[in-house]
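Student: got a structure for you, letters missing:
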């Protein structure tokens with residue numbers, strides 16, 4: 001049979017979100033990329049074939065300011081606009097269009113790679129080619145490139161190339177992990193099939209197939225949550241196969257999962273316990289969504305202690321925030337909870353050394369097969385985290401191809417360039433500052449028409465009885481002179497507050513107590529109570545102010561949010577059913593919940609002025625919240641106001657490209673399917689319409705104009721080089737927010 005050969009700079013095998021983001025990242029940097037997927041659609045476990053929610057660092061709203069940016073962020077925001085109902089097929093289209101928008105990507109669907117040519121000694125292997133069979137087209141395609149990425153999930157390509165890998169759980173003594181077993185074993189997390197239901201509008205009967213399991217003879221009805229209106233990932237706990245081989249026993253696992261799904265539906269329809277007469281099955285999965293199989297060994301193995309300590313690796317290239325989430329080996333038949341969770345105090349960092357092989361010189365990987373222990377894998381495995389690792393691996397692959405060096409050389413000699421490239425592309429890296437000398441804003445002076453110079457939330461919406469401790473978080477820069485709270489009091493009482501730092505710039509939980517204060521409150525409504533809390537920290541950071549519970553006092557929820565400000569209540573909102581998930585409620589991010597208060601902070605005022613929203617923040621180097629919001633915010637925009645940010649140079653510069661990063665509120669938890677829906681289809685803080693003006697020989701001229709923007713990152717490539725001594729960004733309209741907010745401007 002004739003074999004076709006495709007030569008490229010980078011070959012990515014696996015079309016899940018890790019592979020998609022890797023391919024797009026490399027292509028945007030100029031590499032010719034082949035993206036190969038063995039299924040007819042992209043998206044892996046998130047696709048319409050499997051339909052798993054794309055979870056990530058937000059952990060369904062547990063972590064703050066944690067939503068991914070970069071390519072994964074683009075997919076989230078675009079899907080929110082195009083697919084607010086969470087239609088799985090429209091999610092497929094969002095991913096497919098993102099890939100097809102890149103002319104440097106050759107996409108091969110329905111192509112199963114099962115041959116790998118590699119040579120060299122065991123400790124220094126090199127992949128020469130991979131070969132796949134395109135089903136339906138009878139094409140045998142050989143792919144050659146200097147760099148390969150295994151984003152297959154199961155790690156088949158790297159395994160066939162001889163890459164070191166592991167399956168199962170390490171012994172606790174290997175990495176000193178408290179959650180690892182005493183002895184190593186081959187147990188993994190199991191696989192899952194999902195199903196969708198709908199109301200047919202008329203009675204529908206269900207005759208179960210012969211293989212449907214009688215679930216009343218299992219622990220499932222007692223130990224798991226079954227509701228007739230639930231669909232899809234509400235049934236994530238239909239899991240099995242952790243004690244088998246999830247790859248080689250895939251068909252056995254699928255059949256067992258099918259038997260339970262039809263058994264659950266028989267129980268819902270025919271047991272008489274549910275109001276389900278008009279309910280019918282709309283879709284049942286046929287491809288088990290695998291959670292775990294091979295994990296490659298890189299130059300570093302990420303472990304539980306790194307996650308919990310939030311280790312700030314010098315080579316960090318991405319972040320995660322999902323809990324360490326491990327499931328019992330027996331899956332749906334276990335007597336124990338469906339999962340147990342260990343949370344860090346915030347997001348954690350992922351090192352580049354965990355994304356390339358220790359012994360195959362030209363192999364990178366991303367997704368659930370990275371170099372991590374089984375326990376650490378319990379958090380890195382979720383898809384949005386896999387995606388941001390994919391972007392990092394794809395970026396590294398492009399640098400490898402351009403420089404003619406292996407991934408290890410990128411770590412040893414070009415790490416700074418890798419990290420700075422990721423920041424330039426708006427990838428998800430926290431705590432690194434922009435240091436691109438080619439960016440002309442580094443020589444500019446910045447000014448603005450106005451700035452948010454104070455912090456206050458003063459428009460009340462509804463009263464909130466202080467039955468438990470509550471809290472407010474806000475930036476402190478350079479300091480605060482006091483605090484005022486808007487309260488009702490049902491009788492004469494006292495109000496107690498405490499001021500805490502957050503411990504780390506990337507955390508949003510109480511760290512160390514700084515001060516406390518108490519005030520007498522007389523009976524009455526809508527009173528502004530002054531509290532003598534002063535603080536002038538050495539560096540910009542966030543204050544976490546705890547308002548101790550007092551049922552005689554009510555705070556006020558605000559009518560609208562304020563960027564940089566969050567509200568919390570302690571122990572108020574359970575994160576999951578106790579029958580399904582085991583969260584330690586002593587962990588700070590679990591104890592202090594913001595879920596019921598998103599975009600509804602308490603009414604308060606900080607005494608003194610703030611520099612947290614100054615124009616300098618737009619060129620300050622940080623692209624995400626880190627010890628503060630890290631953005632310029634104007635004062636409120638009126639109908640006749642002209643709002644602008646201006647860059648001025650001492651002498652003329654030549655510019656050809658402007659890159660803008662708008663605020664898309666990374667605290668807002670977005671998801672691809674039906675977990676929840678936001679009340680808006682476009683993030684309100686995103687600027688909708690604006691223009692760019694350049695001062696050329698003393699005269700202002702409009703050089704670009706944008707209408708109906710709904711994206712965080714805008715890249716304005718000018719048709720010709722322009723010589724100017726000033727550049728002005730004029731904001732005409734937002735997507736609903738009362739002020740203009742800009743994270744970053746770059747000029748090249």
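Tutor: Yep, that arrived. Treat the numbers as computed from the prediction; the structure is a model and nothing was measured. Numbers count the residues shown, from 1 in each chain.
Student: Going by C-alpha atoms from here, please, whenever you check contacts or count neighbours.
Tutor: Fine.
Student: Please parse the protein into its domains.
Tutor: Under the assignment automatic domain parsing, the domains of the chain span 3-170+296-324+338-424, 191-284, 440-451+613-747, 456-607.
Student: Tell me which of the ones you listed sits most buried.
Tutor: Mean neighbour counts were compared across these using mean count of other CA atoms under 10 Å; the top stretch is domain 3-170+296-324+338-424, at a mean of 23.
Student: Let me see the contact set for residue 340.
Tutor: For residue 340, the contact set (CA atoms under 8 Å, 6 or more residues apart in numbering) comprises 324-327, 581-583.
Student: ditto for residue 203
Tutor: Neighbouring residues of residue 203 by CA under 8 Å, 6+ apart: 277-279.
Student: Adding distance to residue 88, write these out as JSON lines.
Tutor: Output for those, formatted as JSON lines (distance: CA to CA, whole Å):
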{"residue": "277", "distance to residue 88": "26"}
{"residue": "278", "distance to residue 88": "23"}
{"residue": "279", "distance to residue 88": "20"}
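Student: Which strands or helices does the lowest-mean-pLDDT helix or strand in the chain pack on?
Tutor: For the chain, counting by mean pLDDT, DSSP states H and E, strand 581-583 ranks last in confidence among helices and strands (a mean of 82). Helices and strands touching strand 581-583, by 3 or more CA pairs under 8 Å, 6 or more residues apart in numbering; DSSP states H and E, are strand 339-342.
Student: Neighbouring strands - and their directions - for the strand it packs on?
Tutor: Partners of strand 339-342 in the sheet, by DSSP bridges, are strand 324-326 (antiparallel), strand 581-583 (parallel).
Student: Name the residues that touch the last one?
Tutor: In other words, strand 581-583. 337-342, 575, 590.
Student: Throw those residues into TSV and include distance to residue 214 and pLDDT, thanks.
Tutor: Below are the contacts of strand 581-583 laid out as TSV (distance: CA to CA, whole Å; pLDDT from 0 to 100):
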residue	distance to residue 214	pLDDT
337	21	90
338	20	91
339	23	94
340	27	94
341	30	95
342	34	96
575	30	51
590	36	93
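Student: Could you export those residues as CSV, including distance to residue 19?
Tutor: CSV is the format used below for those (distance: CA to CA, whole Å):
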residue, distance to residue 19
337, 32
338, 29
339, 27
340, 28
341, 27
342, 28
575, 31
590, 32
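Student: quick one: which of the residues you listed is nearest to residue 540?
Tutor: Residue 540 has its nearest neighbour among those in residue 590, at 25.3 Å by CA to CA.
Student: Torsion angles phi and psi at the closest one?
Tutor: phi -90, psi -40 (degrees, to the nearest 10).
Student: Now do the contacts for it.
Tutor: Residues in contact with residue 590, defined by CA under 8 Å, 6+ apart, are 62, 343, 571, 575, 583-584.
Student: for residue 87, same thing?
Tutor: Each residue near residue 87 by CA under 8 Å, 6+ apart is listed here: 673-674.
Student: and it, backbone torsions?
Tutor: Per-residue torsions, residue 87: phi -70, psi 120 (degrees, to the nearest 10).
Student: Give me the nearest residue to residue 51, chain neighbours excluded.
Tutor: With sequence-adjacent residues excluded and distances taken as CA to CA, 6 or more residues apart in numbering, residue 51 is closest to residue 45, at 6.2 Å.
Student: er, residue 161 actually
Tutor: Spatial nearest neighbour of residue 161, excluding adjacent residues (CA to CA, 6+ apart): residue 118 at 5.5 Å.
Student: Could you check how far the one you found is from residue 158?
Tutor: Using CA to CA, to the nearest Å, residue 118 is found at 10 Å from residue 158.
Student: per-residue pLDDT, residue 574?
Tutor: Residue 574 carries a pLDDT value of 56.
Student: How about residue 5?
Tutor: 98.
Student: which other residues reach the helix or strand harbouring it?
Tutor: Assigned by DSSP states H and E, residue 5 falls within strand 3-7. Strand 3-7 is touched from outside by 139-145, with contacts defined as CA under 8 Å, 6+ apart.
Student: Output the contacting helices and strands for the top strand by length along the chain.
Tutor: Secondary structure of the chain per DSSP state E: the longest strand is strand 713-734. Applying 3+ CA pairs under 8 Å, 6+ apart, we find strand 713-734 packed against strand 643-662, strand 687-696, strand 699-706.
Student: what's the spacing between the last one and its chain's center?
Tutor: What it means is strand 699-706. A distance of 35 Å separates the centroid of the chain from that of strand 699-706, by CA atoms, centre = their mean, to the nearest Å.
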